[in-house]
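**Student:** Everything below, folded, please.
(2 chains)
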Amino acid sequence: VTQTDSHTPAEVLQHYDVFDPEQNRAKWELFGYAREQCPVVRTDGNGGFWLVTRYEDIRRILEDWKTFSSLESPVMPTGMKMCPIDADPPEQTALRQVLNPLFSRGALTEYVPTMRSAACTQIDSWIDRGTMEVLTEFSGPYVGKLLTAVLFPDLREDEIEQAHRIALGVAEEGSPEVFGELMQMCVTYLARAREKGIADSADDGVVKRLLTAEIAGRPITEEEQLGALAILFLGGLSTTRDAIGNIIYRTATNPGVEDRLRDRSWVKRDLDEFLRLDPPVACMARVATRDVELNGVLIRKGERLQLRYDSANRDENQFPGADHLVFGAPRTGHVAFGIGVHRCIGSNMARLQIEVAFEELLGRIKNLRLVDPAACVWVPGQTTALGAVNVAFDKVA
Amino acid sequence: MAEVALDLSRCQGHGRCSLLAPSVFGADDSGLAVLLVRKVPTELESITEEAAYSCPEAAISVMREGDPE
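**Tutor:** Reported below is the predicted structural model:
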């Protein structure tokens, strides 16, 4: 069992902080201990939370939004509402119904050529070097370009860079300043869309839908428009970037995995196992709407719970051999995309982006191996992400 | 031959079923699952079961012929 600064895991958990680098480097051991010894445990970190670490408890919470509300729930105070993620039905349902059709697999296939060319541009930039850093030289710019094409077709180059920087800042730092920047960016973007008359235009995209939406029989508010835009930025940028980084890390360090990825059915067969092991969204929060007992612990009305998706996905009772990739075994119900009414709106987009990224990547390079493993550590924040994934490779002849 | 049941009250539109068994499941405009065939021929049984197993909301059940009611 890992100890941090000679404190026992139980002591560390009492002060667990999402943004503490040292605690998060050792988070797998920390939450492994919690699952065994204290599955629902109180921390005074981040304003006070019940850390929920077992799969069955997290599933129960996610399926019961009436008792475990998403209102006022964010792990860090964002200074803004971000419906649908921090709302409950019926508002949450209404906004999801407005946005869902844009994120079906069918609706997204038209972007595949854009994805391919974005991947190729990145690969061209380093293929002759024989090495690359995944997050900054491949998955980050790739996902950023995609998000722009799909969600915000008229962002300028400098705005894309700014959006990317903000998304990373929120994920890894979560300061009020970075949320302020995000808000400002969304205000600017929506104002420009209104000026351009997007609401009356023929193209059916996210911004038009947000500008014209009705929520439970009333027009959408500006606050809701801004919040929805903000959460689409956040959800779309760093998560898929990190997922691709994590998968390449596992590929470069596990013999035989690269060959599996060369079989195109890996996306259906193996992708979920990667997402289970290293879920990019490490945790989400809920608020108890009444006094409720959870695994022997009394949660008081108004207290916040931090659902550790990373821990649930490594719960041995649900996933035997949970700390390792196990392919071919029937494994079901990982919570990388969440479950219940708040399940990830962009899961189809993430899957498609990952599929195309690896098709292009493995068509051009082979024999991926990790270099500079010292930089390849889990970073703090609400994500399961590595600081840097440097790989060496050979060109496919 | 197997019989498929879809509990739409559980479906949240993850889209796993339509990806894994496109001849058995579709998706409507909002992404929710649509059952295309209720009685599944033998050659589609295994992908149908995979779809059922992969559903994060446990919304799909498959009853093979001969299974107890």
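
**Student:** May I see the buried residues of stretch A:260-278?
**Tutor:** Across stretch A:260-278, burial judged by 16 or more other Cβ atoms under 10 Å in any protein chain shown covers A:260-261, A:266-268, A:270-278. Quick note: C-beta positions are derived from backbone N, CA and C, even for glycine.

**Student:** Quick one: residues contacting the residue of the stretch 251-397 of chain A found nearest chain B.
**Tutor:** Proximity of the stretch 251-397 of chain A to chain B (Cβ to the nearest Cβ) peaks at A:Arg343, 4.7 Å away. Residues near A:Arg343 by Cβ atoms under 8 Å, 6 or more residues apart in numbering or on different chains: A:337, B:12-14, B:56.

**Student:** What score does it have for pLDDT?
**Tutor:** Reported pLDDT at A:Arg343 in the predicted model: 90.

**Student:** What's the per-residue pLDDT of the residue nearest to A:Pro219 when sequence neighbours are not counted here?
**Tutor:** Take A:Pro219 and drop its neighbours on the chain: the residue closest to it by Cβ to Cβ, 6 or more residues apart in numbering or on different chains is A:Ala213, 7.7 Å away. A:Ala213 is assigned a predicted lDDT (pLDDT) of 91.

**Student:** tell me the phi and psi of A:Ala213?
**Tutor:** Dihedral angles of A:Ala213 (phi, psi; degrees, to the nearest 10) stand at phi -70, psi 150.

**Student:** A:Asn100 versus that one, what's the distance?
**Tutor:** With distances taken as Cβ to Cβ, to the nearest Å, A:Ala213 is found 12 Å from A:Asn100.

**Student:** neighbour-wise, which of these two wins?
**Tutor:** A:Asn100 (21 against 18; other Cβ atoms under 10 Å in any protein chain shown).

**Student:** So what touches stretch B:39-57?
**Tutor:** Outside of stretch B:39-57, the residues within contact range by Cβ under 8 Å, 6+ apart are A:272, A:330, A:332-335, A:337, A:339-340, A:343, B:1-4, B:10-12, B:14, B:16-17, B:20-21, B:23-25, B:60-62, B:64.

**Student:** Enumerate the residues of chain B near chain A.
**Tutor:** Listed as neighbours of chain A in chain B under the rule Cβ under 8 Å from any Cβ of the partner chain: B:12-15, B:18-20, B:27, B:29-31, B:53-58.

**Student:** out of these, which are buried?
**Tutor:** For those, a burial check counting by 16+ other Cβ under 10 Å picks out B:12-15, B:18-20, B:27, B:31, B:53-57.

**Student:** Filter those down to just the ones in helices.
**Tutor:** Counted as lying in helices by DSSP state H, out of these, are B:18-20, B:53-54.

**Student:** what's the most distant pair in the residues you listed?
**Tutor:** Spatially, the most separated pair among these is B:Ser18 and B:Tyr53, at 14.9 Å (Cβ to Cβ).

**Student:** where in the stretch 101-250 of chain A is pLDDT low?
**Tutor:** Applying pLDDT under 70 to the stretch 101-250 of chain A picks out residues A:171-172.

**Student:** Helices of that one, residue ranges please.
**Tutor:** Along the stretch 101-250 of chain A, counting by DSSP state H, counting those that start in this stretch, helices occupy A:105-108, A:112-126, A:134, A:140-151, A:157-172, A:176-195, A:206-212, A:222-253.

**Student:** Give me the helices and strands touching the second one, please.
**Tutor:** With contacts defined as 3 or more Cβ pairs under 8 Å, 6 or more residues apart in numbering or on different chains; DSSP states H and E, the packing partners of helix A:112-126 are helix A:140-151, helix A:347-364.

**Student:** And the contacts of the first one?
**Tutor:** Defining contact as Cβ under 8 Å, 6+ apart, one finds that helix A:140-151 is touched by A:108, A:111, A:114-115, A:118-119, A:121-122, A:155, A:160-161, A:163-164, A:205-207, A:232-233, A:236-237, A:240-241, A:244, A:349, A:353, A:357.

**Student:** Next, the contact list for A:Ile127, please.
**Tutor:** The contact partners of A:Ile127, by Cβ under 8 Å, 6+ apart, come to A:364-365, A:395.

**Student:** Of those residues, just the buried ones, ChimeraX syntax please.
**Tutor:** Here is the ChimeraX command that selects only those of these that count as buried (16+ other Cβ under 10 Å):
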select /A:365
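
**Student:** In a markdown table, list the contacts of A:Ile127 along with distance to chain B and pLDDT.
**Tutor:** Shown next, in a markdown table, are those (distance: Cβ to the nearest Cβ, whole Å; pLDDT from 0 to 100):
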| residue | distance to chain B | pLDDT |
| --- | --- | --- |
| A:Arg364 | 26 | 98 |
| A:Ile365 | 27 | 98 |
| A:Lys395 | 32 | 97 |
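
**Student:** For A:Glu22, state which of the contacts of A:Ile127 is nearest.
**Tutor:** Taking Cβ to Cβ as the measure, A:Glu22 lies nearest A:Ile365 of the contacts of A:Ile127, at 34.3 Å.
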